[in-house]
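S.K.: Could you look at this predicted model? Sequence included:
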Amino acid sequence: MKLRILGALLRKEIVMMRHNPIIPKMIIGLPIMALLIIPLVASFDVKDVQVVAVDNDHSQLSRRIISDMDASHELNVMDVVGTYDEAMDMIEKGDADVILSIPPHFSRDISELDVEANGVNATKGMLGMQYVVSSAAETLRQTAVEEGRPVDEQDSSVIYRFNPTLNFRHYMIPALMVFLIIMICGFLPALNLVSEKETGTIEAMNVTPVSRTIFVLSKLIPFWLTGMLVVTVGMIIGRVVYGVVPMGNIGSIYLATILLSLVMSGLGVTIANKSATMLQTIFVMFAFIIIFQLMGGLFTPIGSMPDWAQYITYAVPPRFFNEIMRSIYLKGTSLAELRGQFLWLTGYAVLALGTAALTYRKRS
């Protein structure tokens, strides 16, 4: 009997979703647009660093250093000026990112180069400075080899495991799937429920013998299925468009998706149960989403946060889903190795669903 009631309510929810002017477009359009556009434009990859050189040596070596920089893919030598003040003026105007100062008599007595970066854009300035230093060091090494001088052996070699090319898309695409599930499985159930409150259609349900558990499940199950659809679309686009393929078990990705969908939909329904208007629901959900994005490790590494903030992230469920997605995508981590993250997500899912059912009050 309960299954028949749940089936009837699910059919009603699907019909309402199909006739809603916003929900179908968000479910279909938002994942496709986000995954096709955002990885192309939102990237921490630094290219085209604008360099201005101050050549106080005017030697063949200094000219070669500048020429090699200009020939690299990451660096672009904008100009070679005669004084430091001219170079600083270009930095202040935003025409250059890094200043390379070559001291007098550098070719006779090789000393340290002076490299300064524009810190307004911290990421570009820091990486640009490293590119300049690396390029100059490689030119000096090649010159020493050609002249038969001894070359200092490097003490260590750098190998980037799991993402050898440091392609930011491998980092961004799993994060976008987390963001989409937060938005679709959290926002849409909340807006769907509170819209019924505003239109008064929920009053008809309140006078029926349908239990609150069955009612809440009828509101949530369609969006759990939607979360699975979003992840499937994300994996297809990631593979076909960007060549990003999960290294681990896809089944673990779907299991984690189900758990996060339970968490977010339960949170959305709980907020809707306590809200009187759609505007109130939007503001409260938006506050949670901002916290989840900033504290969940989506775009800011948790390890770089202060110690007290890292402890707070254990109260942010997307943190664990994000760790699962990146571990499976980049490292091929097994379900057994991620059992801690899965247990945290399971606990939050039980808590969210229980709270959603308990906060729904039928009114006669």
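M.R.: Here it is on my side, so go on. Numbers count the residues shown, from 1 in each chain.
S.K.: what ranges do the helices span in the chain?
M.R.: Here the chain has its helices, by DSSP state H, at 2-19, 23-41, 60-71, 84-93, 122-147, 169-182, 188-199, 202-206, 212-242, 250-273, 278-295, 307-312, 318-326, 339-359.
S.K.: and the angle for the fifth one with helix 60-71?
M.R.: Using axes from the mean of the first three to the mean of the last three Cα atoms, to 10 degrees, the inter-axis angle of helix 122-147 relative to helix 60-71 is 130 degrees.
S.K.: which helices and strands sit right next to helix 122-147?
M.R.: Identification of packing neighbours for helix 122-147 by 3 or more Cβ pairs under 8 Å, 6 or more residues apart in numbering; DSSP states H and E yields strand 49-55, helix 60-71, strand 75-81, strand 98-102, strand 114-117. C-beta here means a position set from N, CA and C on the backbone, and glycine is covered the same way.
S.K.: want to try JSON lines for these, with mean pLDDT, distance to residue 246 and mean neighbour count as columns?
M.R.: Shown next, in JSON lines, are the helices and strands packed on helix 122-147 (pLDDT from 0 to 100; distance: least, Cβ to Cβ, whole Å; neighbours: other Cβ atoms under 10 Å):
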{"stretch": "strand 49-55", "mean pLDDT": "90", "distance to residue 246": "33", "mean neighbour count": "23"}
{"stretch": "helix 60-71", "mean pLDDT": "90", "distance to residue 246": "37", "mean neighbour count": "17"}
{"stretch": "strand 75-81", "mean pLDDT": "89", "distance to residue 246": "34", "mean neighbour count": "18"}
{"stretch": "strand 98-102", "mean pLDDT": "90", "distance to residue 246": "38", "mean neighbour count": "23"}
{"stretch": "strand 114-117", "mean pLDDT": "86", "distance to residue 246": "37", "mean neighbour count": "18"}
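S.K.: out of these, which comes closest to residue 214?
M.R.: Of all these, strand 49-55 sits nearest to residue 214, with 59.6 Å by Cβ to Cβ.
S.K.: List the neighbouring strands of that closest one plus their orientation.
M.R.: Strand pairing for strand 49-55, using DSSP bridges, gives strand 75-81 (parallel), strand 98-102 (parallel).
S.K.: could those be laid out in a markdown table, adding distance to residue 228?
M.R.: Output for the strands paired with strand 49-55, formatted as a markdown table (distance: least, Cβ to Cβ, whole Å):
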| stretch | distance to residue 228 |
| --- | --- |
| strand 75-81 | 45 |
| strand 98-102 | 47 |
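S.K.: Those strands: which one's closest to residue 171?
M.R.: Nearest of these (Cβ to Cβ): strand 75-81, 23.4 Å.
S.K.: Residues contacting the closest one, please?
M.R.: Strand 75-81 is contacted by residues 48-55, 66, 69-70, 87, 90, 95-96, 128, 131-132, 135 when judged by Cβ atoms under 8 Å, 6 or more residues apart in numbering.
S.K.: burial count for residue 319?
M.R.: Neighbourhood size, residue 319 [other Cβ atoms under 10 Å]: 23.
S.K.: what's the answer for the one 3 residues further on, then?
M.R.: As a burial measure, the neighbour count of residue 322 was computed by other Cβ under 10 Å and equals 25.
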